[in-house]
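[1] just the structure for this:
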Amino acid sequence: MGNASAASVEEITACEIHQWYKKFMTECPSGQLTLYEFKQFFGLKDLSPNANAYVEQMFETFDMNKDGYIDFMEYVAALSLVLKAKVEKKLKWYFKLYDMDGNGCIDRGELLNIIKAIRAINGCKHETTAEEFTSMVFEKIDSNSNGELSMEEFLDEVQKDELLLGILTQSLDLYHIVGVIQSNSQPESQQEES
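    Purely as a prediction, here's the structure:
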């Protein structure tokens, strides 16, 4: 974990940490969250293969020391990233999440699978299909037209396009997780606006 976790922890309040700790230890008394418990914790059941792969990838990105568990500090760092991090830091995390094979690039198939999975989990209706959305992303940000997005392309081009940045951020809106953590209370920040 190291410095990234410490920096993230500083951005949240003691009250939030206490609330998150209480929920974490109630749901996971061992102090180590497995992938199975992670899915149970957030009520993710009967997932499609794409959605399941996405959840597994999310778990792996949160498991910063790659020990197969999410401990409390990794959990706090993940929540802090999702809820409080600056845009560039979130985009780097999104990139890591989208790059399912870990080769340093996102191809159309990876992005399409992630978008389908996110939509399956969130259960929202969208104006465009996952395929149309994927094509739009590549048309807008694949600056060298090689069919793959490097982290540099992704960070630079998404930040230049406010519409795309808004869509990507909204598609990965995980504020419903805050509701789970706050013991099924209504999330403070955002409600579904679509």
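[2] the helices in the protein, which residues?
    Residue ranges of the helices in the chain, as given by DSSP state H, are 3-10, 14-27, 35-41, 49-62, 72-84, 87-98, 108-122, 130-141, 151-160, 162-171, 175-181.
[3] and those as TSV, adding mean pLDDT?
    Converted to TSV, the helices of the chain look like this (pLDDT from 0 to 100):
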stretch	mean pLDDT
helix 3-10	44
helix 14-27	84
helix 35-41	85
helix 49-62	84
helix 72-84	82
helix 87-98	86
helix 108-122	83
helix 130-141	90
helix 151-160	91
helix 162-171	77
helix 175-181	50
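[4] need the ones you listed in JSON lines with mean neighbour count, can you?
    Glycine gets a C-beta too; all of them are placed from N, C-alpha and C. Written out in JSON lines, the entries for those read as follows (neighbours: other Cβ atoms under 10 Å):
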{"stretch": "helix 3-10", "mean neighbour count": "14"}
{"stretch": "helix 14-27", "mean neighbour count": "14"}
{"stretch": "helix 35-41", "mean neighbour count": "16"}
{"stretch": "helix 49-62", "mean neighbour count": "18"}
{"stretch": "helix 72-84", "mean neighbour count": "20"}
{"stretch": "helix 87-98", "mean neighbour count": "17"}
{"stretch": "helix 108-122", "mean neighbour count": "20"}
{"stretch": "helix 130-141", "mean neighbour count": "16"}
{"stretch": "helix 151-160", "mean neighbour count": "16"}
{"stretch": "helix 162-171", "mean neighbour count": "14"}
{"stretch": "helix 175-181", "mean neighbour count": "17"}
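[5] what sits against the spatially closest residue to L97 that is not a sequence neighbour?
    Counting by Cβ to Cβ, 6 or more residues apart in numbering, the nearest residue to L97 once its immediate chain neighbours are dropped is T61, at 5.4 Å. Taking Cβ atoms under 8 Å, 6 or more residues apart in numbering, we find T61 in contact with 93, 96-97.
[6] what about the residue lying closest to T128 once chain neighbours are set aside, distance to C28?
    Here the nearest residue to T128 in space, its sequence neighbours aside, is M136; by Cβ to Cβ, 6+ apart that works out to 7.1 Å. Going from M136 to C28 by Cβ to Cβ, to the nearest Å gives 39 Å.
[7] do K92 as well
    K92 is 27 Å from C28, where distance means Cβ to Cβ.
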